[in-house]
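Enquirer: 3D, please:
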Amino acid sequence: QLACPLDLGCHSVEERVFKMLSRVVCKTSSVANKSLVLRLFSSASGRMYTKDHEWVTKEGVVGISEYAQQALGDVVFVDLPAVGKKYTKKSSFATVESVKAASDVYAPVSGEVVEINSKLSDTPDLVNKAPHTDGWMVKMNVNNWEEDSKSLMDEAAYEQYLKSVAH
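Expert: Down below sits the predicted model:
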């Protein structure tokens, strides 16, 4: 893991660049420009997505997508697993509660939880504000990335999937 200047809580150079540009764009630009920044840099981050709207990086960082957080509404509580807990792909590992509903979050890969985002206990709305950066949920030691990632979608495929579920 690289040290992150400006305390951005980043996990890679690409994520630092994405996060810094996102902050600039979010302060000054339209929704279309925000979407463009997301498209340009999320694939560089290596994020892969499930049809249930979770994302994971090859390094094992897991969270929910922008689409998922929007569907949930204002997140008020996140129940995360204990470090050391092992999960198989597609098993529920967390619960996100919003003003609308509670929803399970499913492991996009099999592995062991090695870190949780403890910031979410005091500020669960990070899931809404920054689902791809500060709102990450857990880090896992991934058992078999090559096998588990076969059923995941890259950013472009996930965007196409979102278009198909919107109709």
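
Enquirer: and stretch 61-75, which residues are buried?
Expert: Within stretch 61-75, the residues that count as buried by 16 or more other CB atoms under 10 Å are Val61, Val62, Gly63, Ile64, Ser65, Glu66, Tyr67, Ala68, Gln69, Leu72, Val75. Backbone N, C-alpha and C define where each C-beta goes, glycine included.

Enquirer: residues in contact with the third one?
Expert: The one in question is Gly63. Gly63 is in contact with Glu54, Trp55, Val127, Pro131, His132, Gly135, Trp136, Met137, counting by CB atoms under 8 Å, 6 or more residues apart in numbering.

Enquirer: cutoff 7 Å now
Expert: Trp55, Pro131, His132, Gly135, Trp136, Met137 (CB atoms under 7 Å, 6 or more residues apart in numbering).

Enquirer: With Tyr161 instead?
Expert: Here Tyr161 is in contact with Lys51, Met153 (CB under 7 Å, 6+ apart).

Enquirer: Go again with 6 Å.
Expert: By CB atoms under 6 Å, 6 or more residues apart in numbering, the residues touching Tyr161 are Met153.

Enquirer: Kindly report the same for Leu152.
Expert: By CB under 6 Å, 6+ apart, the residues touching Leu152 are Met48.

Enquirer: 8 Å - rerun?
Expert: Met48, Tyr49, Thr50, Val56, Pro108.

Enquirer: just to revisit the earlier point, greatest separation within the contacts of Gly63: which pair is it?
Expert: His132 and Met137 (11.6 Å; CB to CB).

Enquirer: Which one of those two is surrounded by more residues?
Expert: Neighbour comparison, His132 and Met137: the larger count goes to Met137, with 26 against 22 (by other CB atoms under 10 Å).

Enquirer: pLDDT, secondary structure and distance to Thr123 added to the buried residues of stretch 61-75, as a markdown table?
Expert: Listed next are the buried residues of stretch 61-75 as a markdown table, based on pLDDT from 0 to 100; DSSP: H, G, I helix; E, B strand; the rest coil; distance: CB to CB, whole Å:
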| residue | pLDDT | secondary structure | distance to Thr123 |
| --- | --- | --- | --- |
| Val61 | 97 | strand | 18 |
| Val62 | 98 | strand | 18 |
| Gly63 | 98 | strand | 14 |
| Ile64 | 98 | strand | 15 |
| Ser65 | 96 | coil | 19 |
| Glu66 | 95 | helix | 18 |
| Tyr67 | 95 | helix | 21 |
| Ala68 | 95 | helix | 18 |
| Gln69 | 95 | helix | 14 |
| Leu72 | 94 | helix | 16 |
| Val75 | 97 | strand | 10 |
